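1. just coords:
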């Protein structure tokens, strides 16, 4: 595919010798939003965690296949460098509880031991918090604990924390599933704004959300990639019968 | 089947609550008696001289426990310097790799160490340290106390770290933070209050030990801050004075008991404060 930053080839992964993701091949287009949807337990989260090599941290996990980031196999790179280039946001907001909002935003640098002057840090914190539309809400409380924020604000802080590292790709693992509708709307709006500057891959089991936010959609069922294509096309004229059944609520 | 009337159920409820209250009062009675008894007998010996003077020879009035206070601080310091780093590192290992074979062997060893009577640990310290160094010393007493404190610190560290959610370490790892840095900069700070609680509990336990010090620190009627010489400690002083035939020494033993009690109580209060104030919310 033209302009793909991430090419996944024959990816299989799972636990205890059993595959949860089965031979998935997929090219993620640059600076677009790609939704990965499917029923619970279909392997979409495992698929996502293979991209930044988080999957292998689990006990008895295995992965085969290749994931090419700018034509470089991430499984031949140092996982630490992979994770700096591919950011991730999790289902439940997980700001560092011992750190202030400011320290959370800059955590990617400080925890990695990157030294920089205060003006430089201030600039990165303000820039990334503005990028996730959190700056106006927190600028007077930057030194309060990140855990004092509401769930939606915490999640935007987590997105900021990932964006601060200037990743090429941002992986979102059902980032709104623990949030109320208003906070969800704010995150969706944010995703729309971020599009064009960073490649986003979002896992969701929320079909309308996939339709609203994404340019491309991948439908995974029982660990297999059933269908992948432009969201508008996939939702209106699905090629596979299973996609059609899933979209019309026959299962999942 | 006949249902009990509302009235009898309410009466049963009241009786149960009253029973619980009575039993918990009974459970606190021994502590209240001990506290009261030691306060009454010991508080009268406490004055500035008692805390700052050395023991007086038999027959002379006055005398204090300065040597025992300094000795206890020295012993706890040595014990802590050895047991805190070892205990925290072992606790991290158990939390991270506890399911491996080495992990379960380590846990078994630590739990066994916890159950070994302290006097046996004193004998071990005697054989390991006192005999090779050819003499009783604060150092050997510190080693004995370290063996008593180590399992407390290790197990509380492990428990604390296991309670820290996986999502926290994933957050750090997903930012490209290395594993050692994730543990040291993210996981450990989040568990700091729990680890500190364990350390304070271990100190509270070590400070009251007398048996393992009998043939390690040995006791010393003079002020000593050398780690290679025998030192006094509060429990040893209490033991020596209380078993003596002189009534004025008995009074000193009560006074020393009072000081030890106040110290342990204060430590427990600080522990409570630390664990509630520094508690990290996830």
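-> Now that the structure is in, tell me what you want to look at. Fair warning: this is a prediction, and the values are worked out from it, not measured in the lab.
2. drop to CA atoms for contacts and neighbour counts, all remaining ones
-> Will do.
3. mind telling me what element residue 189 is part of?
-> Unless you meant another one, I'm taking chain A. In this assignment (DSSP states H and E), residue A:189 forms part of helix A:181-194.
4. meant chain B, my bad for not saying
-> Going by DSSP H and E, residue B:189 is in helix B:188-190.
5. report the mean confidence score over that helix.
-> Average pLDDT, helix B:188-190: 92.
6. what's the answer for stretch B:269-282, then?
-> On average, stretch B:269-282 scores 81.
7. what does stretch A:131-149 give?
-> On average, stretch A:131-149 scores 92.
8. same deal with stretch A:220-238?
-> 94.
9. contact partners of the helix holding residue B:189?
-> Residues from elsewhere that reach helix B:188-190, judged by CA atoms under 8 Å, 6 or more residues apart in numbering or on different chains: A:97-98, B:161, B:164, B:280.
10. point me to the residue of chain B nearest chain A.
-> Residue nearest to chain A within chain B (CA to the nearest CA): residue B:176, separated by 4.4 Å.
11. now for that residue: which residues touch it?
-> So residue B:176 contacts A:79-84, A:108, A:112 (CA under 8 Å, 6+ apart).
12. pretty sure residue A:168 sits against residue A:199.
-> Yes - at 6.4 Å, residue A:168 counts as touching residue A:199 under the criterion of CA atoms under 8 Å.
13. and the two? Which one has more around it.
-> Neighbour count, other CA atoms under 10 Å in any protein chain shown: between residue A:168 and residue A:199, residue A:199 has more, with 24 against 20.
14. in a strand, the more buried one, correct?
-> Yes - counting by DSSP: H, G, I helix; E, B strand; the rest coil, residue A:199 is found in a strand.
15. what bridges to it?
-> residue A:169 (DSSP bridges).
16. give me the three-state assignment for the residue in the stretch 151-252 of chain A that chain B sits nearest to.
-> For the stretch 151-252 of chain A and chain B, the shortest gap (CA to the nearest CA) falls at residue A:162, measuring 6.7 Å. Assigned by three-state DSSP, the conformation of residue A:162 is helix.
17. so how far is residue B:171 from the residue nearest to it when sequence neighbours are not counted?
-> Computed as CA to CA, 6 or more residues apart in numbering or on different chains, the closest residue to residue A:162 that is not its neighbour in sequence is residue A:87, at 5.2 Å. Distance of residue A:87 to residue B:171, given as CA to CA, to the nearest Å: 10 Å.
18. what residues sit buried inside stretch A:203-217?
-> A:203-205, A:207, A:209-211, A:213-217 (16 or more other CA atoms under 10 Å in any protein chain shown).
19. farthest pair within these?
-> A:205 and A:215 (16.2 Å; CA to CA).
20. pLDDT weak spots in the stretch 1-150 of chain A?
-> For the stretch 1-150 of chain A, residues meeting the criterion pLDDT under 70 lie at A:1-3.
21. chain B contacts on that one?
-> Residues of the stretch 1-150 of chain A lying near chain B by CA under 8 Å from any CA of the partner chain: A:52, A:54, A:79-84, A:87-90, A:94-98, A:108, A:111-112, A:147.
22. filter those down to the ones in strands?
-> Those of those mapping onto strands are A:87-89, per DSSP state E.
23. buried among these? Make that a ChimeraX selection.
-> Here is the ChimeraX command that selects the buried residues among these (16+ other CA under 10 Å):
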select /A:87,88,89
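24. now, which of the buried residues of stretch A:203-217 lie within helices?
-> Among the buried residues of stretch A:203-217, the residues falling in helices (DSSP state H) are A:207, A:209-211, A:213.
25. show the residue spans covered by the helices in the chain.
-> I went with chain A, as the question did not name one. Using DSSP H, helices in chain A cover A:44-51, A:79-85, A:101-105, A:107-111, A:118-131, A:135-138, A:151-163, A:181-194, A:207-213, A:231-236, A:241-247.
26. that answer is for a different chain, and I need it for chain B
-> B:6-42, B:48-52, B:66-97, B:101-115, B:118-125, B:131-133, B:138-162, B:166-173, B:179-181, B:188-190, B:192-207, B:234-242, B:247-277.
27. what about the helix holding residue A:189, distance to the chain center?
-> 14 Å (CA atoms, centre = their mean, to the nearest Å).
28. what residues does stretch B:195-202 touch?
-> B:84, B:88, B:148-150, B:152-153, B:156-157, B:160, B:267-268, B:271-272, B:274-275.
29. what parts of the stretch 151-252 of chain A come near chain B?
-> A:162, A:165.
30. where does the stretch 151-252 of chain A have low pLDDT?
-> A:252.
31. before we move on, the earlier item: the helix holding residue A:189 packs against which elements?
-> helix A:151-163, helix A:207-213 (3 or more CA pairs under 8 Å, 6 or more residues apart in numbering or on different chains; DSSP states H and E).
32. repeat that for 10 Å
-> Under the contact criterion of 3 or more CA pairs under 10 Å, 6 or more residues apart in numbering or on different chains; DSSP states H and E, helix A:181-194 touches strand A:33-37, helix A:118-131, helix A:151-163, strand A:199-204, helix A:207-213.
33. determine which of the ones you listed approaches residue B:21 most closely.
-> helix A:151-163 (41.2 Å).
34. how is chain B divided into domains?
-> What automatic domain parsing lists as the domains of chain B is B:6-45, B:51-277.
35. which one of the ones you listed is the most hemmed in?
-> domain B:51-277 (a mean of 20; mean count of other CA atoms under 10 Å in any protein chain shown).
36. nearest to residue B:100 among the buried residues of stretch A:203-217?
-> Nearest to residue B:100 among the buried residues of stretch A:203-217, with distances taken as CA to CA, is residue A:203, at 33.5 Å.
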